[in-house]
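A.B. asks: Model the following, please.
(2 chains)
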Amino acid sequence: MPNISELVVQLGSGDQVQAYRARRELFQIVWHVGKPGNEAESGQLASALAAELASPHSPRVRGEVCRFLSKVAGEAEAKQLAAQLSDADVREMARWALERVPADAATDALIESSATAEAVEFRVGAIGSLAHKRGPAVVACLASCAADKEPEVAVAALDALAEQADPAGDAAFAAAISAGGSERTLQRMVRARLRLADRLVHADRKDAAQAVFQAIVAGPAAPVQQAAAQRSLAELG
Amino acid sequence: VPDHWHALIAHYALEAGKDVYCEKPLTYTIDEGKKLVAAARRYGAVFQTGSQQRSDRRFRLACELVRNGRIGALQRVDTHIGDIDSGSWEAVTAPPPELDWNFWLGPAPYAEYCKNRVHYQFRWFQDYSGGKMTDWGAHHNDIAQWGIGADGDGPVNVEATGTFHADGPHDVPGTFDVKYTYANGVELHCHALGENGVKFTGADGWVFVSRSRIELQLGDKNWADYDAILKVVSRDDFATRLYVSDHHHNNWLDCIHSRERPVCDVEIGHRSVTVCHLGNLAIKLGRELQWDPAAEEFVGDDEANRLRSKPMRSPWQL
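C.D. replies: All right, here's what the predicted structure looks like:
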């Protein structure tokens, strides 16, 4: 395997061409190592890259390392990525990578950030990443965030909840919408609820979808949302 | 609007109840396209993808010749879509005062501003686009899909070779040759080099079409003109007639009134640019990929499936 540490050092070079060459080579390595049946070598690479997160590289370089890790990291590296979430200069790319990594540690870290991060924008990002994760803990976290007093957090949580295609999630929509908010916020919540119903249709949960569509029709939805729900109900018969 | 913004903006418009005309390439990732199709259907939107060659009579005729067996059983399609140079490095500077650089980047990873990253040149940076493959591929591979009869479908196997510029800054594939195989055995070969256009080759001849010309060869006979071809091939005999649109924007406007689907509906645009995304992924991953066009996922390749979508920078999400 090429010298990963050396390439990562070169990523931080002030010479644009040298940094580009290192990035190009690292991309090439990462793309090619992940082929089926090559798990051992892929794991070694992930481990080598993750070790660089503990080295005193600049935040930009560590962010780039997170990005490479998004393609090859597993459970062990997800924990090292999660550790970067406490660094305000790197956490965005760590969150970015964790979204892609199929590991319980990635999901756990995103749940924690969704619940506890102070910066609203970053919290919204972490919640958005949970749209790509599944499981009861994810649904519970998102349902809790949907009740947050910060509208951006609540809407992001409903958006992510819609992707879960879990009928139980609709209770959080009903509660958030009945709690009220600005017209814009309510419309965004209903848009997400329409997506939930749509996902339920595609998950072959048609009875549950029908109930959600009916709730939308009966609730404070914009005309275009009412029409979408009515059309879907007609299609469901 | 750079390519990495297309899906987000189109999705916002759909959720606001708008009909949408979205320039090609429709999307930046495969999963974005799936979400656009779902949203367009959810809101009953009229959605035209800006692959305007579908509204050009030459491309339509070429595809009708193929679909009606006039060149014999279709065996192979070749698309030639161009290569790109390496570009030149520019100094990192402050963005001009009229540009909100952070907003321009939007869902893309943060990068310092250089003047060659914006305007037309964004196409050659993988954080914002898929290079020539999605730029011209969204035109010519779209025509290949039309001629093959693969709208709503796609290839089942992808193999590719490609090169990247060693010293940058352009970091998308510079040259490439991609071979797609469809379930019916037809091969689509997408090349960077060669005369820009699409060539369909069948058992009895071939037809080449580009924005400037159409040429039909059957046995030792050749016709190199639209009208000349129609003198020897009567459309009245075609069992398969393709959607007639002679003006891409007007077709969209007409459909807004009629509520019918336009000639390059969102799913067509999504499936065509998926062909392009598959090519880019095969070039990057350097291995043969099996694709399930019904499930829209790679078969037995977890890493490739990770790359069907791309995370977005906070607070953007689709």
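A.B. asks: longest helix anywhere in the chain?
C.D. replies: As the question left the chain open, I've gone with chain A. Longest helix of chain A, by residue count under DSSP state H: helix A:183-202.
A.B. asks: The intended chain is chain B.
C.D. replies: Chain B, longest helix under DSSP H: helix B:266-285.
A.B. asks: For the closest residue to chain A within the stretch 201-318 of chain B, give me the backbone phi and psi.
C.D. replies: Per CB to the nearest CB, B:Ser314 is where the stretch 201-318 of chain B lies closest to chain A, at 2.6 Å. For glycine as for every other residue, the C-beta is placed from the backbone atoms N, C-alpha and C. Backbone torsions of B:Ser314, given as degrees, to the nearest 10, read phi -60, psi 140.
A.B. asks: So the spatially most central residue of chain A: helix, strand or coil?
C.D. replies: Nearest residue to the geometric centre of chain A (CA atoms, centre = their mean): A:Ser129, 0.9 Å. With DSSP: H, G, I helix; E, B strand; the rest coil as the basis, A:Ser129 sits in helix.
A.B. asks: can you check B:Lys179 too?
C.D. replies: Per three-state DSSP, B:Lys179 ends up strand.
A.B. asks: does it really touch B:Val186, like I thought?
C.D. replies: No: the criterion here is CB atoms under 8 Å, and B:Lys179 misses it with B:Val186 at 11.3 Å.
A.B. asks: Mind checking which of those two has more residues around it?
C.D. replies: B:Val186 (23 against 19; other CB atoms under 10 Å in any protein chain shown).
A.B. asks: so what's the residue nearest the centre of chain B up against?
C.D. replies: Among the residues of chain B, B:Ala138 comes closest to the average C-alpha position under CA atoms, centre = their mean, at 1.8 Å. Applying CB atoms under 8 Å, 6 or more residues apart in numbering or on different chains to B:Ala138 gives the contacts B:Lys24, B:Pro25, B:Leu26, B:Ser51, B:Gly269, B:Ser272, B:Val273, B:Cys276.
A.B. asks: now do 6 Å
C.D. replies: Residues in contact with B:Ala138 (CB atoms under 6 Å, 6 or more residues apart in numbering or on different chains) are B:Lys24, B:Pro25, B:Ser51, B:Val273, B:Cys276.
A.B. asks: got those as CSV, with distance to A:Ala51, pLDDT and neighbour count columns?
C.D. replies: Putting the contacts of B:Ala138 into CSV (distance: CB to CB, whole Å; pLDDT from 0 to 100; neighbours: other CB atoms under 10 Å in any protein chain shown) gives the following:
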residue, distance to A:Ala51, pLDDT, neighbour count
B:Lys24, 42, 97, 24
B:Pro25, 38, 98, 29
B:Ser51, 46, 97, 27
B:Val273, 38, 98, 30
B:Cys276, 36, 98, 30
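A.B. asks: Can you lay out those as a markdown table showing distance to A:Ser70?
C.D. replies: Compiled in a markdown table, the contacts of B:Ala138 are given as follows (distance: CB to CB, whole Å):
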| residue | distance to A:Ser70 |
| --- | --- |
| B:Lys24 | 27 |
| B:Pro25 | 23 |
| B:Ser51 | 31 |
| B:Val273 | 22 |
| B:Cys276 | 22 |
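A.B. asks: And these, which two are furthest apart?
C.D. replies: Greatest spatial distance in the contacts of B:Ala138: B:Ser51 and B:Cys276, 10.9 Å, computed using CB to CB.
A.B. asks: distance of the residue of chain A most remote from its centre from chain B?
C.D. replies: Within chain A, A:Gly237 marks the point farthest from the mean C-alpha position, 34.2 Å out by CA atoms, centre = their mean. Distance of A:Gly237 to chain B, computed by CB to the nearest CB, to the nearest Å: 17 Å.
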